[in-house]
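# give the three-dimensional model of this entry:
(one chain, ligands or ions: 1)
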Amino acid sequence: MVEGKDRATLDHILTSCNGDKRALIAIMQKIQHEYRYLPRQALEYVAKKLGVSPAKIYSVATFYENFSLRPKGRYIVRVCDGTACHVRKSASILKTIREGLGLDKDKTTTDDMLFTVETVSCLGACGLSPVISINEQIFAEMTPEKALACLNKIREKEAGNYGKKREKIHL
Ligand code: FES
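Residues are numbered from 1 along each chain as shown. All right, here's what the predicted structure looks like:
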């Protein structure tokens, strides 16, 4: 059941795509942009409004790697593990980030929903490898230490925003 603000948000997305079922992927992209993942209730609401089966929407959601049915953190950290980054030791950056955040291959989002860590096969900046991105920003020539410093900066900023005591990430 979708109500209130969420309903208004989804209606706005549907209207922006003229409620056209041929724009299903664009609609799903907008939903994911809004919520950082595809909430089940949102997909069911959209399916009903567009007159398509939920099964069709779920098959699209699972076919495209960029769609996520699992909630993601406010900051999506992508560690490039393409060839150029791999030979420059991206694996140690990934290991450090995961350990620092208490994550692993299966648990990819922190409990406070601040960070999600993913790997990608190329961020399109091979000449600056090893590279990570945090949301849409690229960070070049990374080291494990620099990566942790980036995460700590975000933690500090977020703690400041909510007036919380800042917690540093240590290994
Ligand atoms: S391989 Fe890492 S940016 Fe291309």
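# and the residue of the chain nearest the ligand?
Taking C-beta to the nearest ligand atom, the ligand has its nearest neighbour within the chain at Gly82, 2.5 Å off. Glycine gets a C-beta too; all of them are placed from N, C-alpha and C.
# any idea whether the closest residue to Gly73 other than its chain neighbours is helix, strand or coil?
Nearest residue to Gly73 in three dimensions, chain neighbours excluded: Thr116, at 4.0 Å (C-beta to C-beta, 6 or more residues apart in numbering). Judged by DSSP: H, G, I helix; E, B strand; the rest coil, the three-state class of Thr116 is strand.
# list the contacts of Thr116.
72-73, 75-77, 108-110 (C-beta atoms under 8 Å, 6 or more residues apart in numbering).
# near the ligand, which residues of this structure show up?
Within the chain, the positions near the ligand by C-beta under 6 Å from any ligand atom are 80, 82-85, 122-126, 129, 131.
# could those go into a markdown table alongside secondary structure?
Below are the residues of the chain next to the ligand laid out as a markdown table (three-state DSSP):
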| residue | secondary structure |
| --- | --- |
| Cys80 | strand |
| Gly82 | coil |
| Thr83 | helix |
| Ala84 | helix |
| Cys85 | helix |
| Cys122 | coil |
| Leu123 | coil |
| Gly124 | coil |
| Ala125 | coil |
| Cys126 | helix |
| Ser129 | coil |
| Val131 | coil |
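# now list the buried members of those.
80, 82, 84-85, 123, 125, 129, 131 (16 or more other C-beta atoms under 10 Å).
# which stretches in this protein count as strands?
Counting by DSSP state E, the chain has strands at residues 75-80, 115-120, 132-134, 137-139.
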